[in-house]
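A.B. asks: Fold the following.
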Amino acid sequence: MQIPSLAEIKKELSYLNEKELRDYIIDLSKFSRDNKAYLFFKLYGRDQPYLYVQMVQEDLEMEFQNARGDHSYYAKKSAQKIRRKMNKLLKLSKEKTDQIEVLLFFCEKIKEYGFLKHGNQVIDNLYKTQVAKAEKIISGLHEDLQFDYEGRIEDLA
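C.D. replies: Next up, the predicted model:
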């Protein structure tokens with residue numbers, strides 16, 4: 001089955017009326033939890049700009065609380081699981097500041113919950129990669145915003 005390009009889909013969508021579009025969006029949100037989450041954040045994020053960051057942080061905090069960090073192996077597996085979830089949630093926002101907040105929150109929690117104390121190379125690399133990812137996004141921001149995040153990055157290094 002050949003799936004049409006995004007341009008072709010946009011063209012076809014432009015021919016639909018408002019009710020048909022609404023029905024398609026509702027149907028699309030039923031297919032996956034990710035679609036529903038994306039739609040939720042787009043609809044409610046206009047009125048509450050920090051809603052996305054708050055909800056993602058709460059979700060990740062719950063994951064950290066449930067994680068096993070008592071042994072190096074379990075700490076590694078838990079950190080990888082939380083990182084996968086975080087990366088999935090990062091796709092829901094295109095705002096760079098939101099992405100930075102989530103990445104820095106993740107790195108701070110890795111340190112706070114003692115995942116780094118094991119000296120596990122995988123956890124150390126995972127941590128360094130996320131810090132580097134945050135630094136890269138920060139470098140593309142306005143100078144004032146870069147200054148705001150510099151202190152938090154220095155605390156993580």
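A.B. asks: For the spatially most central residue of the chain, which residues are in contact?
C.D. replies: Within the chain, the residue whose C-alpha comes closest to the C-alpha centroid is L90; the distance, by Cα atoms, centre = their mean, is 2.1 Å. When contacts are counted by Cβ atoms under 8 Å, 6 or more residues apart in numbering, L90 touches Q99, V102, L103. Any C-beta I mention is one placed from the backbone N, CA and C, and that applies to glycine too.
A.B. asks: How much space separates the first one from L92?
C.D. replies: This means Q99. Here Q99 is placed at a distance of 10 Å from L92 (Cβ to Cβ, to the nearest Å).
A.B. asks: mind listing which of the contacts of L90 are in helices?
C.D. replies: Assigned to helices by DSSP state H, the following of the contacts of L90 qualify: Q99, V102, L103.
A.B. asks: quick one, helices of this protein?
C.D. replies: Remark: helices of the chain, listed N- to C-terminal, are 6-14, 18-31, 33-44, 51-66, 72-90, 96-112, 121-139, 143-156; assignment by DSSP H.
A.B. asks: okay, those helices, which one's buried deepest?
C.D. replies: Each of these was scored by mean neighbour count; the highest is helix 96-112, a mean of 20, by mean count of other Cβ atoms under 10 Å.
A.B. asks: Run the angle between that helix and helix 121-139 for me.
C.D. replies: Between helix 96-112 and helix 121-139, the angle formed by their directions is 150 degrees, by axes from the mean of the first three to the mean of the last three Cα atoms, to 10 degrees.
A.B. asks: what does helix 96-112 contact?
C.D. replies: Under the contact criterion Cβ under 8 Å, 6+ apart, helix 96-112 has outside partners 52-53, 56-57, 60-61, 64, 79, 82-83, 86, 89-90, 93, 116, 123, 126-127, 130-131, 133-134, 137-138, 140-141, 145, 149, 152-153, 155-156.
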